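Chemist: below is the sequence, then the predicted model.
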Amino acid sequence: MDESWEKIRSKLKSKLGHDIYKNWIEVLSFVKVKNNVAHFHVPSSFIANWIDRNYRDQIIESFINEEIYIENLLFEHKTNETLSIQNESSNGQTRDINLSNVKNKKENKNIELPSSPLDKRFTFDRFVVGKPNELAHAAAKRVAESGPVTFNPLFLYGGVGLGKTHLMHAIAWQIKKINPRSRMLYLSAEQFMYRFVQALRFKDMYGFKEIFRSVDILMVDDVQFIAGKESTQDEFFHTFNALVEQGKQLVISGDRAPGEIDGLEERIKSRLAWGLVVDLHPTDYELRLGILQSKVEIQTKLHPGITVNKGILEFLAHRISSNVRVLEGSLTRLFAYASLVGRSIDIDMAQECLADILRSSERKVTIEEIIRKVADHYNLRMSDMISARRSRSISRPRQLAMFLAKNLTSKSLPEIGRRFGGRDHTTVIHAVKKIEELKNKDLHIAEEVEILRRMLEA
Ligand code: ADP
Ligand code: MG
């Protein structure tokens, strides 16, 4: 069993990423599985609640993928180490004492900053500028020149993979180059929260404030992460104000405009909108082509001798419009493949090697379509599919539709449950598992699933 947990852990690591894994999964110590419940020891109830609220589905799913069928998680912690969620907001009392201490700047200068590592590739040199991102790029450059602070904060927003993190790292590199001694702190909002929680746990709010108020420039990536997290927002707000008052630069990023981030306090929204708010628009064809050309240069250095046939970049720029990360990934994959088989990159190779990406950027299947198609196929009404009726003739197609929703869309289990008449996510897990089981046993069902999948993806 411990072995399985090791496997599950390492899968969670690749699924959730290194940071989340380090902060929230590594602290779990697995105890046992009993009556379909996985038991863990955790350091505190706060951590337990956090994991339960944010990573529960993924953990349950990973167990199921290892064929350990569980329905729930149970966290136990030693009471003397308990930190309840209520304690999280007790920081009000400590704030006054700490602020007065932070004034001693000389000492501050020696504190090491817990900056997150910067990606070497994310520099201004390597950022391709086009219409959709020129404003964001210009603003980032201005901040990086570290003249007098002209707008504070700089708020960058845009969808996934459009270059927010790249620009923030570029600012950081540039500032380091111009002034290696300037105190620059870059971290994700999740890291900010993690440090804050740790400070509460180890009763070191003084140290926390000292660090965050001693910087010359603070960059917080993906601020939407702290939406709905009240105490963290509160602390963020105070940090923000303290730095702005001292004339220090802030750079913040988010996945949408400040006013549109649900669960973010009004006062924070309005503070974020104080400075310059710029968005990274979805890429257009020209920008995508430009990015591809620049990335080909880099890839060619890594794989000397591999050539790209005429028209390939245009084809990719045309067909893959989701985001830059995917575009970049496609090229990496093509080069790796080409150097394996020792051929130049041509259109056949691109189509074969990138079939999944090309397909997924072609069409997005929605849960509604799945429900409709499955209902049609079994001569049911759409309302049957989301009704509470449990007869086999309805519940089996419903389970099948849930299975398809899980496999063909990127919706979470709770979301899928909601769309099937407000069902619980455990029902969805059960359905997925059931169909998987049946598919292995029953050739007829396996075929039905395949047919429906093809119809939906066509
Ligand atoms: P975000 O933080 O907005 O989700 P990232 O900054 O992580 O996106 O960008 C995703 C990937 O795409 C990175 O590898 C980045 O280098 C690349 N990228 C995005 N925009 C550009 C651009 N304009 N020029 C070059 N590379 C880009
Ligand atoms: Mg990012």
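Modeler: Here it is on my side, so go on. Numbers count the residues shown, from 1 in each chain. Ligands and ions are numbered 1, 2, ... in the order given.
Chemist: can I assume Leu113 is in contact with Arg181?
Modeler: No - taking CB atoms under 8 Å as the contact criterion, Leu113 and Arg181 are not neighbours in contact, 11.9 Å apart. C-beta coordinates here come from the backbone N, C-alpha and C atoms, glycine included.
Chemist: next one: the residue of the stretch 51-200 of the chain found nearest ligand 2 from Arg195, what distance?
Modeler: Residue of the stretch 51-200 of the chain nearest ligand 2, by CB to the ion: Thr165 (3.2 Å). Taken as CB to CB, to the nearest Å, the spacing of Thr165 relative to Arg195 amounts to 19 Å.
Chemist: name the SS class of His39, please.
Modeler: His39 falls in the strand class when you classify it by DSSP: H, G, I helix; E, B strand; the rest coil.
Chemist: so it sits against Ser29, correct?
Modeler: No - using CB under 8 Å as the test, His39 is too far from Ser29 to be in contact (9.9 Å).
Chemist: in terms of neighbours, single out the busier of these two.
Modeler: Neighbour count, other CB atoms under 10 Å: between His39 and Ser29, His39 has more, with 16 against 12.
Chemist: give the bridge partners for that one, please.
Modeler: Counting by DSSP bridges, His39 is bridged to Lys32, Leu74.
Chemist: residues in contact with it?
Modeler: Contact criterion CB atoms under 8 Å, 6 or more residues apart in numbering gives Phe30, Val31, Lys32, Val33, Leu74, Phe75, Glu76 as the residues in contact with His39.
Chemist: give me the neighbour count for the third one.
Modeler: Translated: Lys32. One way to gauge burial is a neighbour count; for Lys32, by other CB under 10 Å, it gives 10.
Chemist: stretch 22-29: end-to-end distance?
Modeler: With CA to CA, to the nearest Å as the measure, the ends of stretch 22-29 fall 13 Å from one another.
Chemist: how about the strands in this structure?
Modeler: With DSSP state E as the definition, the chain shows strands at residue ranges 29-34, 37-41, 72-76, 154-157, 184-188, 217-221, 249-254, 276-279.
Chemist: contacting residues around the third one?
Modeler: Contacting residues not belonging to strand 72-76 are listed as 31, 36-42, 45, 48, 51-52, 56, 59-60, 426 [CB under 8 Å, 6+ apart].
Chemist: in that strand, what's buried?
Modeler: Using 16 or more other CB atoms under 10 Å as the test for burial, strand 72-76 gives Leu73, Phe75.
Chemist: could you do the second one as well?
Modeler: Using 16+ other CB under 10 Å as the test for burial, strand 37-41 gives Ala38, His39, Phe40.
Chemist: touching, Thr123 and Ile171? I think so.
Modeler: No - under the criterion of CB under 8 Å, Thr123 is not in contact with Ile171, lying 10.0 Å apart.
Chemist: give me the distance between the residue of the stretch 351-458 of the chain found nearest ligand 1 and Ser330.
Modeler: Closest contact between the stretch 351-458 of the chain and ligand 1, by CB to the nearest ligand atom, is at Ile357 (14.6 Å). To Ser330, Ile357 is 6 Å away according to CB to CB.
Chemist: Lys229: what's it in contact with?
Modeler: Residues in contact with Lys229 (CB under 8 Å, 6+ apart) are Met193.
Chemist: can you check the pLDDT for it?
Modeler: pLDDT, the model's per-residue confidence, is 92 for Lys229.
Chemist: quick one, domains of this structure?
Modeler: Under the assignment named as automatic domain parsing, the residue ranges that make up the domains of the chain are 2-103, 124-279, 285-360, 367-457.
Chemist: do the third one and ligand 2 meet?
Modeler: No - in terms of CB under 5 Å from the ion, no part of domain 285-360 sits within range of ligand 2; the closest distance is 9.2 Å.
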